[in-house]
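Trainee: test case, fold it:
(2 chains)
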Protein chains: 2
Amino acid sequence: MQSWKTLSRRTILDYSQFLTVEEHAVELPDGRVIWDWPWVITPDFVNVVAQAEDGRYLCFRQGKYGIDGTSLAPVGGFLDADEEPLAAAQRELLEETGCRAAAWVPLGTFRVDPNRGAGMAYFYLARGVHRVAEPAADDLEEQQLLFLTRSEIEAALASGEFKVLPWMAIVALALQTTED
Amino acid sequence: MQSWKTLSRRTILDYSQFLTVEEHAVELPDGRVIWDWPWVITPDFVNVVAQAEDGRYLCFRQGKYGIDGTSLAPVGGFLDADEEPLAAAQRELLEETGCRAAAWVPLGTFRVDPNRGAGMAYFYLARGVHRVAEPAADDLEEQQLLFLTRSEIEAALASGEFKVLPWMAIVALALQTTED
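Mentor: Below you'll find the model as predicted:
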């Protein structure tokens, strides 16, 4: 299959570090050109499924503006400027939980929106997680730290307690591609 | 936990049916107000993990503007105006594959971006899928229809062949919450 080509681009909304919108002229594989293709630039982010030394999974219960009520959530956050994804994952784990991990397993990199962009998601499994400091998160959200067994996190996944797409996605992927 | 409140909203980019951007004034649970919270409105969509009567999974291999090369993909598409999610899932399955299903299992509803919105994802498992017509898709993408066994789709998931977040997410969720 031929790939799509970007013929030109211009910024149509330069809002903040959290949102830029561009208009692209795009040539399709069959040669057609779409002149007004919107492209959304939001920060790349990491999420981490963190498993403690006793096998339990660290999760938060937190509220977010985009959801009703609260959701279970993994560790996660935006990449800083010029930050490598793994470094961001390690930083977020430390900031949000005060923990480091004995081993880091990359679970994949995923485009959020196949048409409009909206950043990339970098997913990691952190194993052998252990406390080395106090959490230092200064996020906007209130959150509670929970420790769930594998059967508890499987049940939470199946019952829809992870309400946000990337959060559900990394948990399902980690459970599906690991056995313990 | 207290929920977040929308104090006001105004449209700052009314681009097309595919993208509107609003600026919200948001009151946080602790009483702080953020006056310039960007909120992205993109279409809600469905994805469908479709399993044929012989147990194999229907997937596409397709290119998209937002990815390099091609990706494996489930059935999916945007909801039409005032369309119910299940009706959209049934329509997309019929349009893209010419198939109907004997049973539909809802897999959940997920907010794409917990901070900025970006639509909702409605996920379904379609079982007992069987051909009743010719596919009638008129999407922009070239795509090939594949039939994968459970072990083949598990291997494809683990090796990163589903490159798009919602596509990986629904496949991981369907495999994690079903046994066959």
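
Trainee: quick one: contacts for A:A73?
Mentor: A:59-62, A:143, A:162, A:164, A:167 (CB atoms under 8 Å, 6 or more residues apart in numbering or on different chains). No exception for glycine: its C-beta is placed from N, CA and C like everyone else's.

Trainee: and A:E53, how far is that from B:V33?
Mentor: Here the criterion is CB to CB, to the nearest Å. By it, A:E53 lies 42 Å from B:V33.

Trainee: next one: A:L125
Mentor: For A:L125, the distance to B:V33 - CB to CB - is 38 Å.

Trainee: the more surrounded of those two?
Mentor: Per other CB atoms under 10 Å in any protein chain shown, whichever of A:L125 and B:V33 has more neighbours is A:L125, with 22 against 11.

Trainee: correct me if wrong: that one contacts A:T178.
Mentor: Yes - counting by CB atoms under 8 Å, A:L125 touches A:T178, with 6.8 Å between them.

Trainee: among the contacts of A:A73, which two are most distant?
Mentor: With CB to CB as the measure, no two of the contacts of A:A73 lie farther apart than A:Q143 and A:F162, at 14.1 Å.

Trainee: re the thing from before, now, which of the contacts of A:A73 lie within strands?
Mentor: Of these, the ones assigned to strands by DSSP state E are A:59-62, A:143.

Trainee: counting neighbours, which of the residues you listed end up buried?
Mentor: A:59-62, A:143 (16 or more other CB atoms under 10 Å in any protein chain shown).

Trainee: got CSV for the residues you listed, with pLDDT and distance to A:L79 too?
Mentor: Formatted as CSV, those follow (pLDDT from 0 to 100; distance: CB to CB, whole Å):
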residue, pLDDT, distance to A:L79
A:C59, 96, 21
A:F60, 95, 19
A:R61, 95, 24
A:Q62, 92, 20
A:Q143, 76, 20
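
Trainee: tell me the one of those nearest B:A155?
Mentor: B:A155 has its nearest neighbour among those in A:C59, at 27.9 Å by CB to CB.

Trainee: CA atoms of stretch A:124-133 as PDB?
Mentor: The C-alpha trace of stretch A:124-133 is given here as PDB (Å, rounded to 0.1, in the frame of the first residue of the first chain):
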ATOM      1  CA  TYR A 124       5.400   0.400  30.000                       C
ATOM      2  CA  LEU A 125       5.100  -2.400  32.600                       C
ATOM      3  CA  ALA A 126       7.200  -1.700  35.700                       C
ATOM      4  CA  ARG A 127       8.000  -4.800  37.700                       C
ATOM      5  CA  GLY A 128       9.400  -5.100  41.200                       C
ATOM      6  CA  VAL A 129       8.200  -1.700  42.200                       C
ATOM      7  CA  HIS A 130       9.300  -0.600  45.700                       C
ATOM      8  CA  ARG A 131       9.000   2.600  47.700                       C
ATOM      9  CA  VAL A 132      12.100   4.900  47.800                       C
ATOM     10  CA  ALA A 133      10.600   8.300  48.600                       C
END
